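3D model of this:
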Amino acid sequence: MGLILLEALLALVLLVLIVWWTMFSGRKKGELVTKEDVKSNKPNDVEGS
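All right, here's what the predicted structure looks like:
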């Protein structure tokens, strides 16, 4: 029984690590500015624009 719980805990930790990695491993300066963003004159937070 303890081995099953340990395996389930390991699977949960692995799932959390995969989700964490995919959420926070993006571009350091945010998303790229698209042509649609430029056309709509949205204010953006990208430096150097």
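
gap between stretch 4-21 and the chain center?
17 Å (Cα atoms, centre = their mean, to the nearest Å).

for that stretch, what is the average pLDDT?
Averaged over stretch 4-21, pLDDT sits at 96.

Longest helix of the protein, counting residues only.
The longest helix of the chain (DSSP state H) is helix 2-24.

Quick one: distance of it to the chain centre.
That offset, for helix 2-24, works out to 17 Å (Cα atoms, centre = their mean).

For it, report the contacting residues that lie outside it.
Applying Cβ atoms under 8 Å, 6 or more residues apart in numbering, helix 2-24 has no contact partners. C-betas here are computed from N, CA, C, even on glycine.

After it, which helix or strand is next?
helix 35-39 (DSSP states H and E).

Now do that following helix: which elements does it pack against?
With contacts taken as 3 or more Cβ pairs under 8 Å, 6 or more residues apart in numbering; DSSP states H and E, helix 35-39 sits against no other helix or strand.

buried sites along that helix?
The neighbour-count check on helix 35-39 (16 or more other Cβ atoms under 10 Å) flags nothing as buried.

roughly how far is it from the heart of the chain?
23 Å.

quick one: average pLDDT of it?
Helix 35-39 comes out with an average pLDDT of 73.

what about L5, distance to L17?
L5 sits 19 Å away from L17, going by Cβ to Cβ, to the nearest Å.

cool, and K39?
K39 is 39 Å from L17, by Cβ to Cβ.

just K35 next, same as before
36 Å.

same check, this time on L10
On the measure of Cβ to Cβ, L10 and L17 end up 11 Å apart.

Grab the most central residue of this protein for me.
M23 (1.6 Å; Cα atoms, centre = their mean).

do you know how far it is from V16?
For M23, the distance to V16 - Cβ to Cβ - is 11 Å.

same check, this time on G2
Going from G2 to V16 by Cβ to Cβ gives 21 Å.
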